[in-house]
Every structure is written in structure tokens, then in C-alpha cells.
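Participant: Here is a sequence together with a model predicted from it:
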Amino acid sequence: MEFTESSHFRSHDRPTYYADWAGAQVVLHKSADERKANGLYLTPVDVAEFMAAQVHGGKSEMRILDPAAGSGTLLCAVVERLASAGNRLQNAELTAYETDPDLHEPLAAVIDNLKRWASRRRIRVIATVEKNDFVLTHAHLLGTTRHLFDSLTSSAFDVVIANPPYFKIPKCDPRAQAATSVVHGQPNIYALFMAAGAALLRERGEFLFIVPRSFASGPYFRLFRETFFARMRPTRIHVFGSRREAFGRDEVLQENIIFKAVRDDGWQSRDSRFKVYVSSSVGRAGLRTPAGRVLPLEQALSKSAADKVLRLPTLKEGEAAVSLVDSWTGSLHQYGMNISTGPVVPFRATQFLHKTDVPIGSRVPLIWMNHVHAMLISFPNGTRKPQYIGREAVKKSLLLPNRNYVLLRRFSPKEEVRRLVAAPWLKSLVCCSLLGIENHLNYIYRTGGELAEEEAFGLAALFNAKILDTYFRVSSGNTQVSATELRAMPLPPLDKIRLLGRRAKTVNCPGDALEQIVGETVGIVR
Ligand SMILES: C[S@@+](CC[C@H](N)C(=O)[O-])C[C@H]1O[C@@H](n2cnc3c(N)ncnc32)[C@H](O)[C@@H]1O
């Protein structure tokens, strides 16, 4: 595609706006699939300015890297910011990585425009556009944990700013192979940009990324967090409450955060009372006046916790939930319980699935996600899905004994009010010895025994209550509720769970009455 400047923009004075316009011209000619394949979702100007406003600079010479530059919007926003009053910037040395050939010409034009704009302010901008894959170029920094941060010091960057591409890369991709020390399985490419970007920063250099929140929790990113947070100290985090709105014009269905950190090797071993500022807004409109709070960093990222989950309590309520739940010392494991994922994957078990229970005795209930509501199982229901499974599936280990369980949905709809939806499954609900549980459900059971009814009610009530929902949201941006995360969740003493179960049995529907019982039983101060 040939890039032609518009006369309107040739004379435009704001480099960031020009970059935004230039990028939009390229995007116009791309199909949705092409954009998805390269993670081409450009940063809107207001988000870029919000990010750039967090760069302190303060030096006359700055080396700034954007490892996934697009049309250069973020670089322009940073230079504009550093050129503003109070900054001493005289020389800006920019490095922009960009692999898409369609963006090279616009990016060059944007940089030329930026140079002209800066020289009128007595700032010299020199820039290098690297057309190579950023991750592969820096694969040596990802190879082993030892090398990850053994980086250069003289050529290190003062600022790394990015909106990296987001997509999963197959295990066989050379970039995934280069990064086995930081990510397991099928990594998302944005984490590799974060790891390599951080490795290229100088000590006390500034790191600003807009990324999905998924790295902040969950087992897949545990190793990444351990290595990354050993060097990077979070200072400011903005959470977009809505999945759709961070990119406005582009349909990006990820929960995004703007993450600012400074490189501060070994900060966790120093006894300093670091703080982090956590803010949130529903979407871009709220960026001008985001609601935010300063927290002790220890509250967001506990030094002692092995899983290094980055918690983001954006509201006071979140902070209270975290401190109460953290004070609980029980767990499923401690109470002789466990949680697993339903074994029936329908497309692999089609020969066993049926729409009716006839002939009676040869088929047993198959419980799906849409049978499970807060505190309630509605089985059978009007679904067109097969609600029964042949008893012979037991030979394939697809069936469970019909016992008391707690069933939890593994997925919540994208903008669902609650993440955790749980119901007690009582064996008395159906008259058969076996049961099928579909793979979109998790189930809690007693190892080698059976949950008492009061335990099933008590756990379900707890998981449906606002306090655990809040705790879960603060700790994880995932709509997926993994068994691993629930296994690690602290629980109140078992006698309290049982008491809660006895009381919850008498409540017909969740809501205020259930919240009150949970609050009174586990000691939530209102
Ligand atoms: C999410 S866009 C962000 C662009 C720009 N920085 C902005 O904020 O508007 C990511 C950009 O990274 C580029 N990209 C994708 N993979 C890359 C790689 N491995 N190395 C360098 N750039 C890459 C894409 O072509 C795309 O322009």
C-alpha cells in the first residue's frame, strides 16, 4: 500500500495526532484476520497521552524504545510529553521495532514530522526503525532465567513504552521455544514483549505497557511473574473496568491494564515501604478523572506469596475483602476436599449422549453449565443439549458416583455481574448411582468420602457471596475460573462453613438474605 500524506495533516502541529491518522490509514486496508494475525490494534490518542503522562524523564538525553511501534503514536506521545514545560529534554534517541511492511512508510513519515516538530523546540530527535521481529531479535535475553536480565547497561533504554501484539503462539514457534524460562505451554506473545522490554531497560528505567491483565494471575504466568517482578517494581496500574472500551474503535475483548513499573533489581529483598497507585475507569472516557488510590505495594504484590499474583483492588471494598480472605487459614485441601473439572467433553463423547432418559436405568443425568445457577440446580431444563449420558460411559471414566458436590461454572459471560456461580448438588436430587458432569463445570468433592449437605451448602453460599467474588476479581482478570485458582483460595474455618451451610439451606434465593448470613457467619464488618 502506498502511503500518501493528507494536506490537512502535513501542516498539523501535534505529532501524536499525525501518527494516529497515519496508522488509521493503514488499518483501513487491512482485513480483520490480518489485524488479528499481527495484533494490529492501535492505541487511541487519549490512551497514548495517558500513558505518556506517566513518563517522568527528567534527563536531557533519553533513549526510548517502542518494541511494537505501529505508526509511532506512543513514541510521539512520549516526546511531546517530555518536550513540555519542566522537562530538560535536548536529545531523544528513539528505537522503533515494526514488522509490518505496510507500516514502514507511514512510520518514517511520522518520525520525520516528529523531528521537525521537536527541532522547533530545540530538541534533537534521532530514530532507528528496526524491521525485524523484536522477540526473535532479543531471544537471547529470554533463553534462560539467568540471562533474562543480564542485559547491557551502556545501551540500555531509559523508557520502554508499548502496546504489544496479543495472541497465543504455538509451542513450536521459535519465539515460544526461546522463552521457555518465562512462560509455559502456549504463551501469549505480549508476555515475551514484556520480558524482553524489561531486560533492555537501564536500572531505574521506566516501563509502560498496555497489556491484557492475564499475566497478573494464574499458573501459566507464574514463572514469568517470578522472573519479571524480581526486577520490575510496579508503581502505577490503571485497570479498564470494561473489556471493550480500552481500544474504543477496535473490538478488543481483553481486560486491559496500563502497567507502569521501574526497573529496580532486587527490590523485594529491600525493606522499603513501596507504594503503588491503582486506578480504574470503565473505559477511555473515564481516563481524564480516573478513580484511584495509593496502596502499600505489599498489598498488591505480596513478597512472601509463592504465586506472585498481582492483585488490583481498585475500590476500598476490594482491599477489605482481600485482607479478610487473606486472614483465613483454611483450604479445600486442609478440609480433605478437592476440586476437579467435569470429565465429559461432549464432542469427544457423542456416542454416549442422549436427549432423554429412556430406557430408564440405562442413562444418568449429564449436568451442563446452564443447569447451574447461584445456589440452584435446574435439572432437567428446556435446553436442546443432550441432558443424559449412557451408563456405559463409566468404562471411559466419564462418570462420577452420584454424591453431594458443589458445582461451579468455569466461565462467566464477558460482562457478567458475578464471576463465581456455585450451587450445591445433592445426591438426593436424582435417583441414580452415577452422574455426568460436563467440562465447563468444576466440582468440589471430599477425597475418599462425601461432602455433608451442610458443607455443600456452606461452600456454595461462600462462593456466591460478594466477598469471594470481589476477592477473585481483585486477584484475576480472567473470565475463566480455574480449578487451580479455587484450590489456592483461602477458606474460613470448617465449622463456620458448616454453620453457614445450615443457615443457607433455609434461604430460597441468593441476594441480600444470603449476603447477610455469609457476613454474620464469617465476620464481614459492614
Ligand atoms: C497493538 S499494535 C500497537 C502499535 C502502536 N505501538 C500503537 O500503540 O498504536 C502492535 C504492533 O506490533 C507489530 N508487531 C507484531 N509482531 C511484532 C514483532 N514480533 N516485532 C515487532 N513488531 C511486531 C504489529 O504489526 C503492530 O503494528
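Facilitator: Done, it's in.
Participant: and Ile161, how far is that from Asp512?
Facilitator: Look at Ile161 and Asp512: by C-beta to C-beta, to the nearest Å, they are 46 Å apart. From N, CA and C alone the C-beta is placed, and that goes for glycine too.
Participant: of the two, who's got more company?
Facilitator: Higher neighbour count among Ile161 and Asp512: Ile161, with 27 against 9, using other C-beta atoms under 10 Å.
Participant: so how far is the host helix or strand of the more buried one off the chain centroid?
Facilitator: Using DSSP states H and E, Ile161 maps to strand 157-162. Strand 157-162 sits 22 Å away from the centroid of its parent chain (C-alpha atoms, centre = their mean, to the nearest Å).
Participant: Of all the residues in it, which ones are buried?
Facilitator: Within strand 157-162, the residues scored as buried using 16 or more other C-beta atoms under 10 Å are Phe157, Asp158, Val159, Val160, Ile161, Ala162.
Participant: where does the protein dip in pLDDT?
Facilitator: Along the chain, the model assigns pLDDT under 70 to residues 1-12, 85, 143-155, 184, 242-254, 316, 413-417, 477-479, 508-509, 524-526.
Participant: How about it: which residue is closest to the ligand?
Facilitator: With C-beta to the nearest ligand atom as the measure, Gly70 is the residue of the chain nearest to the ligand, at 2.5 Å.
Participant: That residue in helix, strand or coil?
Facilitator: coil (DSSP: H, G, I helix; E, B strand; the rest coil).
Participant: Just give me the neighbour total for it.
Facilitator: Around Gly70 there are 30 residues (other C-beta under 10 Å).
Participant: list the contacts for it?
Facilitator: By C-beta atoms under 8 Å, 6 or more residues apart in numbering, Gly70 lies in contact with Gly23, Leu40, Leu42, Thr43, Glu98, Leu103, Leu107, Asn163.
Participant: what about Ile64, is that helix, strand or coil?
Facilitator: Ile64 - assigned by three-state DSSP - is strand.
Participant: who's in contact with the residue nearest to it when sequence neighbours are not counted?
Facilitator: Leaving aside its sequence neighbours, Ile64 sits nearest to Val159 (C-beta to C-beta, 6 or more residues apart in numbering; 4.6 Å). Going by C-beta under 8 Å, 6+ apart, Val159 touches Val55, Gly57, Met62, Arg63, Ile64, Leu65, Val78, Gly205, Glu206, Phe207, Leu208.
Participant: and this protein, which residues reach the ligand?
Facilitator: Residues of the chain that fall close to the ligand, judged by C-beta under 6 Å from any ligand atom: 23, 38-43, 66, 68-70, 73-74, 97-100, 103, 133-135, 163, 165.
Participant: Which ones among those lie within strands?
Facilitator: Asp66, Tyr97 (DSSP state E).
Participant: now whichever strand or helix holds Ala456, how far from the centre of its chain.
Facilitator: In the assignment (DSSP H and E), Ala456 maps to helix 453-464. Distance, stretch centre to chain centre, for helix 453-464: 28 Å (C-alpha atoms, centre = their mean).
Participant: So what touches that helix?
Facilitator: 337, 374-375, 404-406, 408, 418, 420-426, 444, 446, 451, 468, 491-492, 494, 496-502, 504-505, 510, 514, 517-518, 522.
Participant: could you redo the last one with a cut-off of 7 Å?
Facilitator: 374-375, 404-406, 408, 420-424, 426, 444, 468, 497-498, 500-502, 504-505, 510, 514, 517-518 (C-beta atoms under 7 Å, 6 or more residues apart in numbering).
Participant: which among those residues end up buried?
Facilitator: For these, buried by 16+ other C-beta under 10 Å: 374-375, 404-406, 408, 420-424, 426, 444, 468, 497-498, 500-501, 504-505, 510, 514, 517-518.
Participant: Domain-wise, how is the protein divided?
Facilitator: Domain assignment for the chain, taken from automatic domain parsing, gives 15-314, 337-522.
Participant: Dump those to CSV, plus distance to Val322.
Facilitator: Below are the domains of the chain laid out as CSV (distance: least, C-beta to C-beta, whole Å):
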stretch, distance to Val322
domain 15-314, 6
domain 337-522, 6
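Participant: and Val325, which of those is closest to it?
Facilitator: Nearest to Val325 among the domains of the chain is domain 337-522 (4.5 Å), distances taken as C-beta to C-beta.
Participant: circling back to that earlier point, can you tell me which of the buried ones among the contacts of helix 453-464 end up in strands?
Facilitator: Checked against DSSP E, the buried ones among the contacts of helix 453-464 include these in strands: Tyr405, Val406, Leu408, Ala422, Ala423, Pro424, Ile444.
Participant: Please tabulate the residues you listed in a markdown table, including the columns distance to Ala456.
Facilitator: Shown next, in a markdown table, are these (distance: C-beta to C-beta, whole Å):
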| residue | distance to Ala456 |
| --- | --- |
| Tyr405 | 7 |
| Val406 | 5 |
| Leu408 | 12 |
| Ala422 | 10 |
| Ala423 | 9 |
| Pro424 | 4 |
| Ile444 | 8 |
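Participant: out of the residues you listed, who's nearest Arg236?
Facilitator: Closest to Arg236, out of all of those and judged by C-beta to C-beta, is Leu408, at 33.8 Å.
Participant: distance of the closest residue to Val45 other than its chain neighbours from Leu74?
Facilitator: Setting aside the residues directly before and after it, Val45 is nearest to Asp20 in space (C-beta to C-beta, 6+ apart), at 4.9 Å. According to C-beta to C-beta, Asp20 and Leu74 sit 11 Å apart.
Participant: Kindly report the same for Glu438.
Facilitator: 44 Å.
Participant: quick one, which of these two is more surrounded?
Facilitator: Leu74 (30 against 26).
Participant: Not counting residues beside it along the chain, what's closest to that one?
Facilitator: Ile161 (4.8 Å).
Participant: quick one: contacts for the one you found?
Facilitator: With contact taken as C-beta under 7 Å, 6+ apart, Ile161 is in contact with Met51, Ile64, Asp66, Leu74, Val78, Leu208.
Participant: hmm, try it at 10 Å
Facilitator: 43, 48, 51-52, 54-55, 64-67, 69, 74-75, 77-78, 197, 206-210, 260 (C-beta atoms under 10 Å, 6 or more residues apart in numbering).
Participant: That one pairs with what?
Facilitator: Leu208 (DSSP bridges).
Participant: From Ala19, how far out is it?
Facilitator: 13 Å.
Participant: so what sits against both of these two?
Facilitator: In contact with both Ile161 and Ala19: Thr43, Ala48, Ala69, Leu74, Leu75, Ala77, using C-beta under 10 Å, 6+ apart.
Participant: And those residues, which of them are buried?
Facilitator: Thr43, Ala48, Ala69, Leu74, Leu75, Ala77.
Participant: Could you take those and lay them out as JSON lines, with extra columns for distance to Leu353?
Facilitator: Output for those, formatted as JSON lines (distance: C-beta to C-beta, whole Å):
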{"residue": "Thr43", "distance to Leu353": "46"}
{"residue": "Ala48", "distance to Leu353": "50"}
{"residue": "Ala69", "distance to Leu353": "50"}
{"residue": "Leu74", "distance to Leu353": "50"}
{"residue": "Leu75", "distance to Leu353": "55"}
{"residue": "Ala77", "distance to Leu353": "54"}
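Participant: which element follows the top helix by length along the chain toward the C-terminus?
Facilitator: Longest helix in the chain by number of residues, with DSSP state H as the criterion: helix 101-119. Later in the chain than helix 101-119, the nearest helix or strand by DSSP H and E is strand 124-130.
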